[in-house]
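Colleague: Here's my sequence, what's the structure:
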Amino acid sequence: MKINLVFIFLFSFFLVTNCAIGPTHGYIVTSTKFPGTFNPENNVKATKEGRGCQFTVLYLFSFGDAGAGSVANKNGIIKIATIDHSTISFLTGVYRSYCTIVYGE
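Modeller: Alright, predicted model coming up:
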């Protein structure tokens with residue numbers, strides 16, 4: 001009986017804590033980079049780069065700013081060429097970061 005309860009608890013824990021971070025996610029370590037959006041007119045050169053990240057620790061504390069508009073504003077980017085993303089996580093919820101990388105003029 002105890003083994004069944006432990007199994008149900010662990011299965012439920014992994015099911016609930018597996019929130020998506022990017023296109024793929026591992027329970028022990030995740031490190032991904034993936035494309036976001038781009039300027040379809042393709043008339044903006046990627047001469048500047050800005051990065052903004054959000055961090056989560058132990059599912060208890062979250063802080064940071066990964067909004068594309070605020071990242072561009074803080075880095076003096078007036079026209080956005082492309083927006084990419086990257087993630088890093090350790091042991092699912094012990095440490096997570098989600099970053100937005102903005103390229104433009």
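
Colleague: Nearest residue to Phe61 in space, please, no chain neighbours.
Modeller: Phe55 (8.0 Å; CB to CB, 6 or more residues apart in numbering). To be clear about C-beta, it is placed using only N, CA and C from the backbone, and glycine gets the same treatment.

Colleague: At which residues are the strands of this structure located?
Modeller: 29-38, 48-57, 61-64, 80-90, 95-104 (DSSP state E).

Colleague: looking at those, which one has the lowest mean pLDDT?
Modeller: Among the strands of the chain, strand 29-38 has the lowest mean pLDDT, at a mean of 85.

Colleague: and it, what does it pack onto?
Modeller: Contacts defined by 3 or more CB pairs under 8 Å, 6 or more residues apart in numbering; DSSP states H and E place strand 29-38 against strand 80-90.

Colleague: Could you please name the strands the strand it packs on pairs with and the direction of each pair?
Modeller: strand 29-38 (antiparallel), strand 95-104 (antiparallel) (DSSP bridges).

Colleague: which one of those strands lies closest to Thr47?
Modeller: strand 95-104 (7.6 Å; CB to CB).

Colleague: Highest mean neighbour count across the strands paired with strand 80-90, which stretch is it?
Modeller: strand 95-104 (a mean of 20; mean count of other CB atoms under 10 Å).

Colleague: show me what contacts Thr47?
Modeller: 104-105 (CB atoms under 8 Å, 6 or more residues apart in numbering).

Colleague: Try it again at 7 Å.
Modeller: Residues in contact with Thr47 (CB atoms under 7 Å, 6 or more residues apart in numbering) are Glu105.

Colleague: Neighbours of the closest residue in space to Asn75 that isn't next to it in sequence, how many?
Modeller: Spatial nearest neighbour of Asn75, excluding adjacent residues (CB to CB, 6+ apart): Gly50 at 3.0 Å. Residues lying near Gly50 (other CB atoms under 10 Å) number 20.
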